[in-house]
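Undergrad: sequence and computational prediction follow.
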Amino acid sequence: MRPTVTTGDLALPAQPATRETFAAFGKVLTSGDRTYLGRRGRVLVAFDERKTGPRRVTDLVRYPEARRVVLSVGRSPMWVVVLADGGSPEPVPAAFLVPGGTGLVIEAGVWHAGPVPLADTTLCELLEAVGPSDRFDRRSVLELLGAPAARVLLPEDPGSGGGALDLATPNAVLLDASLHGRLRLGCLVLDALEAPEASTLESELAQAIEGLRAMWGHVTDLGEIPGIGVGRDLYREVGLDGERYPPRAESLLAHVLAGHDVPREGTLARTLALVALRTRVPVAAYDAGALGEQVLVRTGSPGEDFDGVEGRRVVVEGRPVLCDGGGPFGSPVADARRSAAGASARRILVVLYLPSGVDDATVGGWLDTAEKTLLAHVGGRAAGRLIVG
């Protein structure tokens with residue numbers, strides 16, 4: 001089995017810090033605001049030169065008994081990562097972008113990193129201390145959240161540049177923290193595609209379909225078939241309606257068990273169907289040449305949609321979506337026309353959509369099956385793989 005690289009950083013798209021969005025963690029201070037300090041103890045005041053830094057967070061701190069106030073003396077915006085100390089078994093961190101000239105009051109007990117300016121500046125910090133002013137706790141993101149680090153994404157991230165998607169690049173595919181523990185992706189890139197002259201695709205498809213019909217043609221519940229439960233578990237974890245939108249592999253299997261052939265949509269599509277019939281897990285392919293250099297997996301925003309491959313608008317609000325700098329391009333349910341891997345595609349991204357409980361070895365086995373099948377019938381070479389989540 002080929003070695004599989006696993007990436008685990010959580011993606012935290014930075015949202016604007018406002019009174020409403022930051023209320024669970026403290027206060028936002030803008031011009032004219034007032035706040036009282038020192039009622040419970042002393043106030044430590046510090047002016048520090050602060051340099052900008054990498055937007056990758058590996059540790060969080062909290063002051064159990066002290067409020068922390070941070071004000072930017074200059075006009076540089078700041079970012080901050082926060083995690084409420086609510087005792088939740090699945091805490092979700094958040095990242096905020098704080099405008100220049102704005103301050104933050106971080107309540108006692110809130111885990112946080114930063115604020116960190118986006119340009120070198122001076123920060124004024126006030127710490128309302130009860131007891132020793134240096135009393136704080138520090139824990140790793142791995143310990144608190146089960147991920148090696150969290151990466152703060154600004155509005156222009158990800159994939160806004162002109163580079164090509166390369167799975168060997170650190171954090172080429174990032175999973176939003178809201179989907180951590182609910183979704184895994186098996187990712188594979190194939191390069192230099194060119195269908196071999198002596199492909200046995202049609203005979204292998206016919207053999208796979210015949211074997212499935214012989215073994216499972218009698219079942220009334222497709223959930224009895226190994227692999228089908230993977231798609232159903234995924235749908236339950238991410239809140240998708242499996243009755244209205246059956247998982248891709250389940251829908252294809254129901255189609256062939258009912259006596260129909262795999263739709264004739266080209267060699268790549270039929271090869272991908274063979275992968276789905278062999279693994280029976282949700283799988284999709286995208287034209288990697290049409291994508292940006294980084295992919296973010298997040299939950300669709302209110303009202304968000306895209307132009308689907310069948311010419312209809314696909315609503316992705318509240319659903320997991322794959323995005324690059326051009327917006328959403330794929331999901332477990334449907335994919336965008338702009339990312340469709342057609343006959344002209346020479347570099348493709350193959351994605352297995354999986355629930356969180358599937359282990360690395362199992363995902364690696366399915367990726368092996370996908371890679372071997374695709375290389376045999378669409379040619380090319382393997383150019384990288386990742387397990388995300």
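TA: Alright, I've got the coordinates.
Undergrad: shaky segments in this protein?
TA: 1-5, 7, 38-41, 85-90, 130-134, 158-163, 198 (pLDDT under 70).
Undergrad: on the C-terminal side of the top helix by length along the chain, identify the next helix or strand.
TA: As assigned by DSSP state H, the longest helix anywhere in the chain is helix 360-378. The element immediately downstream of helix 360-378 (helix or strand, assigned by DSSP states H and E) is strand 381-388.
Undergrad: now do the helices in the stretch 1-150 of the chain.
TA: In the stretch 1-150 of the chain, helices defined by DSSP state H, counting those that start in this stretch lie at 141-145, listed in chain order.
Undergrad: rewinding a little: enumerate the positions of the longest helix of the chain that are buried.
TA: By neighbour count with 16 or more other C-beta atoms under 10 Å, helix 360-378 contains the buried residues 363-364, 366-371, 373-375, 377-378. Using the backbone N, CA and C atoms, a C-beta is placed for each residue, glycine as well.
Undergrad: then stretch 293-313?
TA: Result for stretch 293-313 [16+ other C-beta under 10 Å]: buried residues 293-300, 304-306, 308-309.
Undergrad: packing partners of the longest helix of the chain?
TA: If you count contacts as 3 or more C-beta pairs under 8 Å, 6 or more residues apart in numbering; DSSP states H and E, helix 360-378 packs onto strand 184-191, helix 201-216, helix 267-279, strand 347-354, strand 381-388.
Undergrad: I'd like to know which of these is closest to Val28.
TA: strand 381-388 (32.9 Å; C-beta to C-beta).
Undergrad: please point out which parts of the closest one sit buried.
TA: Of the residues in strand 381-388, 383-388 count as buried by neighbour count, 16+ other C-beta under 10 Å.
Undergrad: helices or strands next to that strand in the packing?
TA: Packing partners of strand 381-388 (3+ C-beta pairs under 8 Å, 6+ apart): strand 5-7, strand 173-176, strand 184-191, helix 360-378.
Undergrad: tell me the strands beside that strand, with direction?
TA: With DSSP bridges as the test, strand 381-388 is paired with strand 5-7 (parallel), strand 184-191 (antiparallel).
Undergrad: deepest-packed of those strands, please.
TA: Compared across those, strand 184-191 shows the largest average neighbour count, a mean of 24 (mean count of other C-beta atoms under 10 Å).
Undergrad: between strand 347-354 and that strand, find me the angle.
TA: If you take axes from the mean of the first three to the mean of the last three C-alpha atoms, to 10 degrees, strand 184-191 sits at 160 degrees to strand 347-354.
Undergrad: leaving out chain neighbours, which residue sits closest to Asp48?
TA: In this structure, Asp48 finds its nearest non-sequential neighbour in Leu123, 5.6 Å apart by C-beta to C-beta, 6 or more residues apart in numbering.
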